[in-house]
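Visitor: coordinates for the following, if possible.
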Amino acid sequence: MEPYFSITQLLDFSPVNLLFIALIFIWSGFVRSGLGFGGTALSLPLLLMVHDSPIYWLPIVGSQLLIFSALTMSRRMANVDWVVLRKTSVYILPAKLAGVFGLISLPAQWLVIIIYTVTLAYGVLWMFNLTIRGGDGWVAKFLLFIGGYFSGTSLTGAPPIVAVYTQMVKITQLRDTLFVLWFFLVTIKLMTLVAFDVNLQIASTLILAPVAFIGHIIGLKVHLAIMQNNDLFRRVVGAALIGICVLGLGRTI
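Guide: From the prediction side, this is the model:
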């Protein structure tokens with residue numbers, strides 16, 4: 001196995017691909033801090049078009065999510081809805097663990113298809129401004145389970161979970177509560193990957209972290225503006241996601 005601190009694979013990318021990777025991580029940081037979710041779901045399909053190996057990108061994206069969620073919530077822990085976190089973790093955590101084992105055991109091509117398909121579904125929902133309704137009954141439990149599972153396989157499970165949280169958490173607490181949830185879920189994922197001797201690409205994570213930090217700062221500054229124009233933002237991003245995922249699926253299949 002390649003050493004954790006080796007940057008051989010990152011340096012193997014062409015200068016043009018390295019530029020695309022940098023721009024994608026800026027975008028990822030922007031979406032994550034601007035919306036409070038979606039940084040992985042909206043960047044992983046793009047990264048797979050540069051290099052179609054989920055097991056390479058997921059540790060990098062996951063580690064960065066860990067870093068930036070910790071930075072954001074470090075001063076805002078009092079604004080977290082701990083009651084909802086405890087109540088929903090019963091459904092999310094078991095599904096999360098099942099998803100992580102799926103990530104490790106499933107063939108790479110299957111994972112790529114799953115990632116593109118799930119993201120394509122999100123793109124359609126966003127483009128047509130459709131909303132998943134969670135409530136507090138069996139539908140909510142199902143969405144939490146599905147979100148936890150896809151969070152385990154590919155870190156793209158945010159939208160179903162957010163659909164439930166938006167109806168259970170005050171809007172002023174939503175982003176901070178989600179960041180705490182993402183922090184715990186990603187920690188579980190990375191610990192499981194370490195247990196199975198998967199390379200966490202630590203050197204690549206550290207090199208790309210300052211790039212993602214640029215997007216993180218921009219997202220923090222425009223968070224309120226995005227919330228006020230959320231429908232337009234979702235439509236534009238949804239249309240882009242559909243195009244990217246259709247191309248990616250066509251190339252993969």
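
Visitor: residue boundaries of the helices in this protein?
Guide: Per DSSP state H, the chain carries helices over the ranges 8-11, 15-35, 44-50, 54-73, 82-105, 108-127, 138-154, 158-168, 171-195, 202-221, 223-228, 230-252.

Visitor: I'd like the distance from the first one to the chain centre, please.
Guide: Offset of helix 8-11 from its chain centre (CA atoms, centre = their mean, to the nearest Å): 23 Å.

Visitor: equivalent analysis for the fourth one, please.
Guide: What separates the centre of helix 54-73 from the centre of its chain is 8 Å, taken as CA atoms, centre = their mean.

Visitor: quick one, what contacts the residue lying closest to Leu66 once chain neighbours are set aside?
Guide: Take Leu66 and drop its neighbours on the chain: the residue closest to it by CB to CB, 6 or more residues apart in numbering is Val186, 5.0 Å away. Just so you know, the C-beta spots here come from the backbone N, C-alpha and C atoms, and that holds for glycine as well. Applying CB atoms under 8 Å, 6 or more residues apart in numbering, we find Val186 in contact with 62-63, 65-66, 69, 155.

Visitor: look up how far Leu155 lies from Val186.
Guide: Relative to Leu155, Val186 is positioned 7 Å away (CB to CB, to the nearest Å).

Visitor: who touches both of those two?
Guide: 62, 65.

Visitor: what residue is smack in the middle of this structure?
Guide: Thr40 (2.8 Å; CA atoms, centre = their mean).

Visitor: I'd say it and Pro159 touch.
Guide: No - taking contacts as CB atoms under 8 Å, Thr40 lies outside contact range of Pro159: 11.2 Å.

Visitor: now do stretch 25-40, average pLDDT.
Guide: Rounded to a whole number, the mean pLDDT of stretch 25-40 is 81.

Visitor: what comes into contact with that stretch?
Guide: Contacts with stretch 25-40, where a contact means CB under 8 Å, 6+ apart, come from 42-43, 46, 61-62, 64-65, 68-69, 72, 154-156, 158-159, 161-162, 174-176, 178-179, 182, 208, 211-220, 222-223, 226.

Visitor: which among these count as buried?
Guide: 42-43, 46, 61-62, 64-65, 68-69, 72, 154-156, 158-159, 161-162, 174-176, 178-179, 182, 208, 211-213, 215-216, 218-220, 226 (16 or more other CB atoms under 10 Å).

Visitor: output the below-cut-off pLDDT ranges for this protein.
Guide: Regions of the chain meeting the criterion pLDDT under 70 cover residues 1-8, 36, 131-136, 224, 226-227, 230.

Visitor: hmm, try it at 90
Guide: 1-14, 28-46, 48-49, 51-79, 95-143, 146-180, 182-209, 216-253 (pLDDT under 90).

Visitor: hmm, back to that, distance of the residue nearest to the centre of the chain from Thr177?
Guide: Counting by CB to CB, the gap from Thr40 to Thr177 is 18 Å.

Visitor: same question, Val50
Guide: 32 Å.

Visitor: of the two, which one has the most company?
Guide: Thr177 (24 against 16; other CB atoms under 10 Å).

Visitor: show me what contacts Phe20?
Guide: If a contact means CB under 8 Å, 6+ apart, then Phe20 has 46, 50 as its contacts.

Visitor: wait, doesn't Leu208 sit right on Ser63?
Guide: No - between Leu208 and Ser63 there is no contact, the gap being 9.5 Å when judged by CB under 8 Å.

Visitor: count of residues packed around Val83?
Guide: What Val83 shows, counting by other CB under 10 Å, is a neighbour count of 11.

Visitor: actually Pro94, not the one I wrote
Guide: Around Pro94 there are 14 residues (other CB under 10 Å).

Visitor: who's the closest spatial neighbour of it, skipping the chain neighbours?
Guide: Gly148 (7.3 Å).

Visitor: ok, the residue nearest to Thr252 when sequence neighbours are not counted - contacts?
Guide: Nearest residue to Thr252, sequence neighbours excluded (CB to CB, 6+ apart): Val112, at 5.2 Å. Contact partners of Val112, counting by CB under 8 Å, 6+ apart, are 48, 52, 54, 248, 252.
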